[in-house]
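Visitor: Got a predicted model here, sequence first, then my questions.
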Amino acid sequence: MKSDAELLKTFKVEKLEKNIIFVEITESEGEEENNGHQADLVSAAIMAVVNQDPTSTYKFLVDLTLTGTVSYISPHAREVYTNLSKISNLERAAIVGHNLMLEVSVNLLMQATGRGQSFKWFTSKEEARAWLNES
């Protein structure tokens, strides 16, 4: 299993203007343990931003374009991302990617949480940002 230090290099999380939390996954983890632990670290980084001002609402811009063709989401990662999608101050999330299998997986996951209307898949960051700024 990869170390935390190694997995922390596979993504970045930062707060942008208008309370947009930008999440960029730069490397997919195909091994189950690494995939699940990466999800834990991503979730912790997002919650660190949210907990700085828990009274605000947030929008997510998730960029998966650098993940390539890997579309594996481990059972643990699915649970982590499902729980993350249920945070009460999440207004909407735009997900950017080019992987059809990952798009289908993410859409099914969001529909299962009952938040399918507040999540949308895009192929460009510009379109995703425009959609986030609509509301």
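Guide: Sure thing, it's come through.

Visitor: Low-confidence regions, this protein specifically.
Guide: 68-71, 100-101, 103, 105-116, 135 (pLDDT under 70).

Visitor: And the helices in it?
Guide: Per DSSP state H, the chain carries helices over the ranges 4-8, 32-50, 75-85, 100-113, 125-134.

Visitor: export these to CSV and tack on mean neighbour count and distance to residue 93?
Guide: For the C-beta atoms, the positions are set from N, CA and C on the backbone; glycine is no exception. Shown next, in CSV, are the helices of the chain (neighbours: other Cβ atoms under 10 Å; distance: least, Cβ to Cβ, whole Å):
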stretch, mean neighbour count, distance to residue 93
helix 4-8, 13, 22
helix 32-50, 18, 11
helix 75-85, 17, 7
helix 100-113, 15, 8
helix 125-134, 15, 8
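
Visitor: Now render these as CSV, adding distance to residue 67.
Guide: As requested, the helices of the chain are exported to CSV (distance: least, Cβ to Cβ, whole Å):
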stretch, distance to residue 67
helix 4-8, 14
helix 32-50, 11
helix 75-85, 13
helix 100-113, 7
helix 125-134, 14
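
Visitor: out of those helices, which comes closest to residue 57?
Guide: Comparison of the helices of the chain against residue 57 by Cβ to Cβ identifies helix 32-50 as nearest, at 9.9 Å.

Visitor: For the closest one, name the packing helices and strands.
Guide: helix 4-8, strand 11-15, strand 20-25, strand 58-63, helix 75-85 (3 or more Cβ pairs under 8 Å, 6 or more residues apart in numbering; DSSP states H and E).

Visitor: To residue 18, which of the helices of the chain lies closest?
Guide: Nearest to residue 18, of those and by Cβ to Cβ, is helix 125-134 at 7.0 Å.

Visitor: what does that closest one rub up against?
Guide: With Cβ atoms under 8 Å, 6 or more residues apart in numbering as the test, helix 125-134 has contacts from 18, 20, 59, 61, 63, 92, 94-96, 120, 122.

Visitor: Show me which of the residues you listed are buried.
Guide: Buried members of the contacts of helix 125-134, counted by 16 or more other Cβ atoms under 10 Å: 20, 59, 61, 63, 92, 94-96, 120, 122.
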